[in-house]
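A.B. asks: Need a 3D model of the following:
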Amino acid sequence: MNEKWKSWMEVAQVLHETPGAEICCPECKVGMLEFKDELIRGLDKVDGYIFCNGCGAYAVLSRVSKNNP
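C.D. replies: Numbering: from 1, shown residues only. This next block holds a predicted model:
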């Protein structure tokens with residue numbers, strides 16, 4: 001796993017453990033990250049969008065919906 005992707009995975013872990021945490025962008029180190037979940041209906045998954053309000057860097061992480069039986 002490259003270092004860039006690893007840093008985004010660490011951000012996702014922090015957001016999962018501490019919803020609402022304020023985190024600096026791992027790329028520009030200045031902007032603050034914002035997070036938005038989007039349920040993908042019919043696929044039982046959620047896409048998590050993490051993006052920097054400063055430089056525009058982003059990552060999209062998919063996971064199985066908690067409502068999946």
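A.B. asks: Of all the residues in stretch 20-32, which ones are buried?
C.D. replies: Neighbour-count burial for stretch 20-32, counted by 16 or more other CB atoms under 10 Å, picks out Ile23, Cys25, Pro26, Glu27, Gly31. All C-beta spots, glycine's among them, are computed from the backbone N, C-alpha and C.
A.B. asks: So Leu15 belongs to a helix, correct?
C.D. replies: Yes: if the criterion is DSSP: H, G, I helix; E, B strand; the rest coil, then Leu15 is within a helix.
A.B. asks: what's around it, how many residues?
C.D. replies: Applying other CB atoms under 10 Å, we find 17 other residues in the vicinity of Leu15.
A.B. asks: nearest spatial neighbour of it, skipping sequence neighbours?
C.D. replies: With sequence-adjacent residues excluded and distances taken as CB to CB, 6 or more residues apart in numbering, Leu15 is closest to Phe35, at 5.5 Å.
A.B. asks: quick one: contacts for that neighbour?
C.D. replies: By CB atoms under 8 Å, 6 or more residues apart in numbering, Phe35 lies in contact with Leu15, Gly48, Tyr49, Ile50, Phe51.
A.B. asks: helix or strand for it, which one?
C.D. replies: strand 33-40 (DSSP states H and E).
A.B. asks: Select from the contacts of Phe35 the one having the most neighbours.
C.D. replies: For the contacts of Phe35, counting by other CB under 10 Å, the largest number of neighbours falls to Ile50: 20 neighbours.
A.B. asks: Is that one bridged to anything, and to what?
C.D. replies: Listed by DSSP bridges, the beta-bridge partners for Ile50 are Phe35, Ala59.
A.B. asks: isn't it right up against Val11?
C.D. replies: Yes: contact criterion CB atoms under 8 Å: Ile50 and Val11 qualify, at 6.0 Å.
A.B. asks: and for those two, which residues touch both?
C.D. replies: Residues touching both Ile50 and Val11 (CB under 8 Å, 6+ apart): Leu33, Ala59.
A.B. asks: Nothing else from me, thank you.
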